[in-house]
Each structure stands twice: as C-alpha cells, then as structure tokens.
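K.L.:
Attaching a predicted model along with its sequence, questions to come.
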Amino acid sequence: LATYREEAAVAIAATDGFRARVTAEGLDGLSVAEVEELLYMLDVRVPRATLQAQEVSGLVLVGLSEADMASVFKMITLGERRRLTAALRRLANRQGFGKQATLPWDSDRVCRWLAEEGLASLQAGFRAQAVDGEVLLTLTQDDMGCL
C-alpha cells in the first residue's frame, strides 16, 4: 500500500508539473507524445498511431481547424470540437486548464431552454451535436446549418 501511494504521488506530481509547464509555456513546444498526454487530460482520445502518422506536435495542434479535428481526430460532434478548440485557445494564450466562465448547462438543459423558447424542433440537432452551455455561447449562423 505504501508503494502504491508513493507511485501515485509521483504520478500526480508529474501531471501537475506538465500542467504548469503547458500553462506557462503554451503548446508550441510539445512533442507528439506530450500532445497525446495533453489530449488525454482534456478527455480527447486519439490513438498514438494517428498522432504519429500525422505528426501532431504542439505547433500543429495549435493550428488545427475544427474540420481537421473531424477528419484527423474523428471528432464527430460540433460540441466536442468546439470544446477542444476553446481549451486549446486558452492553453495557447497561457490561460491554463480551467474553463472560462460559461453557461453551466448540459445538453439536456440546453434542449429544455430551446423548448421554452419555442424552438423544440431544434432539439434533436443540438442533442446530436452535443451542444452544452459552453458550446451554445459560441454558435454562429453557419453552425446552425449543421444543427
């Protein structure tokens, strides 16, 4: 049990150190392996083989468009692409891992709001694209076409 605790403490310290370095230095200097670790921290699962084949370093990651995220990372929903875009923007600007102050609604709450506003016909599209409060505040006229 003591060994497990020691190993856990080392792993936590390494993670905290990585987070601090990314927050201080941004994304540009990250290797492909570090990009994989970062994406894992952001709950984005992309196979290492994909990252290596596409040579997705931190510099490349910063320049990815949402279309690239869909094709390279196989991120299907607008919601997951938009949340990753927001997280990468915060990290590239050295604002850290915390989320911006956004509308704290999940997809179900967004759909209830749509119904309250007489827009129930849009619920299926919003739900299918995983639009939560954070994503709702970023939607553009062009986005409405895929919802």
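P.N.:
Everything's here; your move. Numbers count the residues shown, from 1 in each chain.

K.L.:
switch to C-alpha atoms for all contacts and neighbour counts from now on
P.N.:
Noted.

K.L.:
Just give me the longest helix of this structure.
P.N.:
Ranked by residue count, the top helix of the chain under DSSP state H comes out as helix 2-25.

K.L.:
In that helix, which residues are buried?
P.N.:
For helix 2-25, burial by neighbour count (16 or more other Cα atoms under 10 Å) applies to R19, V22, T23.

K.L.:
Not counting sequence-adjacent ones, nearest residue to the second one?
P.N.:
Counting by Cα to Cα, 6 or more residues apart in numbering, the nearest residue to V22 once its immediate chain neighbours are dropped is L91, at 7.0 Å.

K.L.:
tell me which element the one you found falls in.
P.N.:
helix 78-92 (DSSP states H and E).

K.L.:
Return the distance of that helix from the chain's centre.
P.N.:
Relative to the centre of its chain, helix 78-92 is centred 4 Å away, using Cα atoms, centre = their mean, to the nearest Å.

K.L.:
okay, it in CSV with CA atoms only?
P.N.:
This file holds the C-alpha atoms of helix 78-92, laid out as CSV (Å, rounded to 0.1, in the frame of the first residue of the first chain):
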residue,chain,number,x,y,z
LEU,A,78,-19.7,20.0,-33.1
GLY,A,79,-19.8,20.2,-29.3
GLU,A,80,-16.6,18.1,-28.8
ARG,A,81,-14.7,20.0,-31.5
ARG,A,82,-15.8,23.4,-30.1
ARG,A,83,-14.9,22.4,-26.5
LEU,A,84,-11.4,21.3,-27.7
THR,A,85,-11.0,24.5,-29.7
ALA,A,86,-11.8,26.6,-26.6
ALA,A,87,-9.4,24.6,-24.4
LEU,A,88,-6.6,24.8,-26.9
ARG,A,89,-7.2,28.6,-27.3
ARG,A,90,-7.0,29.1,-23.5
LEU,A,91,-3.8,27.0,-23.3
ALA,A,92,-2.2,28.7,-26.3
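
K.L.:
How about residues contacting it?
P.N.:
Under the criterion Cα atoms under 8 Å, 6 or more residues apart in numbering, residues 22-23, 26-28, 42, 62, 66, 69-70, 75, 96-97, 99, 129-132, 134-135, 138 lie in contact with helix 78-92.

K.L.:
I am finished for the moment; much appreciated.
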